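K.L.:
A structural model of the following input is requested.
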Amino acid sequence: MTPPSASPLQNQIALVTGGSSGIGYGVAEALAAAGATVVVNYHKEAEPAEKLVQDIKSRGGEALAVQADVSKEEDVQRMFKTVVDTYGTVHILVSNSGIQQDAAFLDMTTKQWDSVIGVNLTGQFLCMREAAREFVRRGPQPDISKATGKIICMSSVHEVIPWAGHVNYAASKGGVMLLMKSVAQELAPHKIRVNSIGPGAIATPINAEARDTPEEERDLLKLIPYGRIGEPSDIGKVAVWLASDESDYVTGHTLFADGGMLLYPGFVGNG
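P.N.:
Got it, this is the predicted structure:
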């Protein structure tokens, strides 16, 4: 058996939405370490994205920061045009941008609902569609990748686990699951692979309030049989595998990286 390459994504262009912080930052770093040229999308704050770009370049990689609001069609189309104009094409999309606007269901506003669905679900649709259009336009490049293109959606354990107080977020991730599966089914004849990653509790700014005291962290760990909170690098490693030829026969699946959160730890000892 041939061992995996140390640079399995060499000569490939990867776009990571929401790549300037949290899970997206970890994914962008991992893709760059695996040899990809990485386009780091950000919404508002350019400085963290530019810092990541400079870090990647300082390690001998190639990267570019591009601003876009993924919930807006014109922004997404402009972003993809910038990538194609700069690098000629794109091979990997990690559709990662996501937000939370939490509220009790009885108090949730349509603005809170629309904002989360707009970024977390509509944003994924818009980015996936533009990526797929570019993959089909370009066609196969078997000397670079067995697949014509790779799309990785960032979902969550909450595509499966209901989440009271977060119904907009849970609904968006449940939508991502069937969006991913339906697109994977439709694009497989083009040799375009589409999968999701389902993170559990990952140490990022989006969930800092749930673990900012020792008591809160202990309560969170009760939900994680493996006994630790995940790091963005844990998700980055999964993204590299899903983007590489090592996973060439995998499409239409969510790969959960959750420390066992989906094992229903509340039922340990008969529940």
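K.L.:
could you say what helices and strands the helix of greatest length in the chain packs with?
P.N.:
As assigned by DSSP state H, the longest helix anywhere in the chain is helix 167-187. Contacts defined by 3 or more CB pairs under 8 Å, 6 or more residues apart in numbering; DSSP states H and E place helix 167-187 against helix 110-117, helix 123-138, strand 149-154, strand 192-199. For the C-beta atoms, the positions are set from N, CA and C on the backbone; glycine is no exception.
K.L.:
which residues touch the shortest one?
P.N.:
Among residues not part of strand 149-154, those counted as contacts by CB atoms under 8 Å, 6 or more residues apart in numbering are 18, 23-24, 90-98, 124, 128, 131-132, 134-135, 138, 176, 179-180, 183, 187, 190, 192-197, 199, 239, 242-243.
K.L.:
what about that strand, distance to the chain center?
P.N.:
8 Å (CA atoms, centre = their mean, to the nearest Å).
K.L.:
and that strand, C-alpha only, in PDB?
P.N.:
Output in PDB follows, covering the C-alpha atoms of strand 149-154 (Å, rounded to 0.1, in the frame of the first residue of the first chain):
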ATOM      1  CA  GLY A 149     -14.200  19.000  -7.300                       C
ATOM      2  CA  LYS A 150     -14.800  18.600  -3.600                       C
ATOM      3  CA  ILE A 151     -17.400  20.400  -1.500                       C
ATOM      4  CA  ILE A 152     -17.300  20.200   2.300                       C
ATOM      5  CA  CYS A 153     -20.200  21.600   4.200                       C
ATOM      6  CA  MET A 154     -19.700  22.600   7.900                       C
END
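K.L.:
which residues of the stretch 101-250 of the chain score low on pLDDT?
P.N.:
206-212 (pLDDT under 70).
K.L.:
distance of the closest residue in space to residue 31 that isn't next to it in sequence from residue 24?
P.N.:
Once flanking residues are discounted, residue 31 sits nearest to residue 14: 4.7 Å by CB to CB, 6 or more residues apart in numbering. Residue 14 is 11 Å from residue 24, where distance means CB to CB, to the nearest Å.
K.L.:
And the helices and strands packed on helix 167-187: which comes nearest residue 166?
P.N.:
Among those, helix 110-117 comes nearest to residue 166, with 8.9 Å by CB to CB.
K.L.:
Buried among the contacts of strand 149-154? Make that a ChimeraX selection.
P.N.:
Remark: buried members of these, expressed as a ChimeraX selection using 16 or more other CB atoms under 10 Å:
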select :18,23,24,90,91,92,93,94,95,96,97,98,124,128,131,132,134,135,176,179,180,183,187,192,193,194,195,196,197,199,239,242,243
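K.L.:
Now the longest helix of the chain: buried residues?
P.N.:
167-177, 179-181, 183-184, 187.
K.L.:
what helices or strands is the one helix or strand residue 32 maps to leaning on?
P.N.:
In this structure, residue 32 sits in helix 22-33 according to DSSP states H and E. Applying 3+ CB pairs under 8 Å, 6+ apart, one finds that helix 22-33 contacts strand 13-16, strand 37-42, helix 46-58, strand 92-95, helix 232-243.
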